[in-house]
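S.K.: generate a structure from the sequence data that follows.
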Amino acid sequence: MAKISKKRAAANAKVEPTKLYEITEAMGLVKEVNITKFDASVDVHVRLGIDPRKADQALRGTVTLPHGTGKTKRVLVFCTPDKEAEALEAGADFVGLDDLILKVSNGWTDFDVVVAMPQVMAKIGRLGRILGPRNLMPNPKTGTVTPNVGVAVSEVKGGKISFRADKFGIVHASVGRASFSVEKLVDNANELLNTLMRMKPSSAKGMYMRTIAFATTMSPSVKIDPKVFR
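M.R.: Numbers count the residues shown, from 1 in each chain. Got it, this is the predicted structure:
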């Protein structure tokens, strides 16, 4: 068993592992037990009562966090030449087509979100082996396959994030940074959790939200009562 640091041990001691906290109290505690020296991401982990193997329960979607994530996302846009100016004006970091396809196919992945026009998807299909495992492949369900590339870029830069349930039915997402105020973190978390509630598959049986936990990088997790979001 790996030995933990004194700081981590002190942080662990402040969190009651079996207690379900109220969300504002939980966020305050998450900030308090953050032991990193950098501005860590505050993440939410939601275990849902779904079976992702069933097509109608393979949950994925987007949400615009009212206060953003605190991280400026680097956006790559695959588009035709007539749309390049629109993408750049909206704040895209990388814009192009064949040159960028070649660069990515050679292993370059120095970006956070990929937006593509529908008519170029056939060309970038072969990048699936690189983009797919990193959850970067454009998808109509997340609004990243669209002719309106400028709008898509603006939304991403404005705090729009995508999420999906993993094979265990757990959604992992960032709702801000440790430097955010408790109020901003609560606002962002509520926006995501309420979005998940609205997306509950009609075929999902039993309790939908099983567990909800917040944590920063390398900090203990703090759980809240999922009943609040039923």
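S.K.: what's in contact with the host helix or strand of Val115?
M.R.: If you go by DSSP states H and E, Val115 is part of strand 113-116. Strand 113-116 is contacted from outside by 73-79, 87, 92, 124, 131, 136-138, 144-146, 149, 152-153, 156, 162, using CB atoms under 8 Å, 6 or more residues apart in numbering. (Glycine included, C-beta is placed from N, CA and C.)
S.K.: can we see that at 7 Å?
M.R.: With CB atoms under 7 Å, 6 or more residues apart in numbering as the test, strand 113-116 has contacts from 73, 75-78, 124, 131, 136, 138, 144-145, 149, 152-153, 156.
S.K.: and for stretch 147-154?
M.R.: Around stretch 147-154, the neighbours that count as contacts under CB under 7 Å, 6+ apart are 75, 77, 79, 83, 86-87, 89-92, 115, 117-118, 143-144, 146.
S.K.: 8 Å - rerun?
M.R.: Stretch 147-154 has contacts (CB under 8 Å, 6+ apart) with 75, 77, 79, 83, 86-87, 89-92, 115, 117-119, 143-144, 146.
S.K.: Phe214: which element?
M.R.: Phe214 belongs to strand 209-216 when assigned by DSSP H and E.
S.K.: quick one: average pLDDT of the strand holding Val115?
M.R.: Per-residue pLDDT values over strand 113-116 give a mean of 96.
S.K.: what is the following helix or strand past it packed up against?
M.R.: Proceeding N to C from strand 113-116, the next assigned helix or strand is helix 121-124, under DSSP H and E. In terms of contacts (3 or more CB pairs under 8 Å, 6 or more residues apart in numbering; DSSP states H and E), helix 121-124 is packed against helix 98-105.
S.K.: what comes up buried for the helix it packs on?
M.R.: For helix 98-105, burial by neighbour count (16 or more other CB atoms under 10 Å) applies to 100-101, 104.
S.K.: cool, stretch 23-30 as well?
M.R.: Within stretch 23-30, judged by 16+ other CB under 10 Å, the buried ones are 23, 26-30.
S.K.: what about that stretch, average pLDDT?
M.R.: The average pLDDT within stretch 23-30 is 95.
S.K.: next one: it to chain centre, how far?
M.R.: The chain centre lies 20 Å from the centre of stretch 23-30; the measure is CA atoms, centre = their mean, to the nearest Å.
S.K.: show me the helices in this structure, by range?
M.R.: In order along the chain, the chain carries the following helices (DSSP state H): 6-14, 23-32, 84-89, 98-105, 121-124, 128-131, 149-157, 182-198.
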